[in-house]
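A.B. asks: structure for the following, please:
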Amino acid sequence: MNEEIEGNANPTPTKIILRPRGGVFITGNFIIIDEEGKEMPKKEAVSICRCGASNTMPLCDGTHKGLSF
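C.D. replies: Numbers count the residues shown, from 1 in each chain. Alright, predicted model coming up:
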């Protein structure tokens, strides 16, 4: 798993941005493993839910905008 990331000849640095009152935005070369231990489909950028109200957990769907999160 880590070899795939480290073996990339042109790795894009991973950035993790904590958005105020929002999700955790991740870009770059990364792998996300779900709660069942399965690798999620690879994407260039994702936003992970922090409020717990997303309908697309663990990904953020913007539900936090209607909450007092």
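A.B. asks: going forward, measure contacts between C-alpha atoms and count neighbours the same way
C.D. replies: Fine.
A.B. asks: in this structure Ile32 contacts Glu39, no?
C.D. replies: Yes: the pair Ile32 and Glu39 qualifies as a contact (Cα atoms under 8 Å) at a distance of 5.9 Å.
A.B. asks: for Lys42, which non-adjacent residue is closest in space?
C.D. replies: Ile31 (6.7 Å; Cα to Cα, 6 or more residues apart in numbering).
A.B. asks: isn't that neighbour up against Glu39?
C.D. replies: Yes: using Cα under 8 Å, Ile31 is in contact with Glu39, at 7.0 Å.
A.B. asks: what's near enough to touch the residue nearest to Lys42?
C.D. replies: Glu39, Met40, Lys42 (Cα atoms under 8 Å, 6 or more residues apart in numbering).
A.B. asks: ok, now Asn55?
C.D. replies: Asp61, Thr63.
A.B. asks: ok, it to Thr63 distance?
C.D. replies: 8 Å (Cα to Cα, to the nearest Å).
A.B. asks: find the nearest non-adjacent residue to Val46, please.
C.D. replies: Distances taken as Cα to Cα, 6+ apart put Ile26 closest to Val46, at 5.4 Å, once the chain neighbours are dropped.
A.B. asks: what strand or helix carries that neighbour?
C.D. replies: Using DSSP states H and E, Ile26 maps to strand 24-27.
A.B. asks: quick one: name whatever helix or strand follows that strand.
C.D. replies: strand 45-48.
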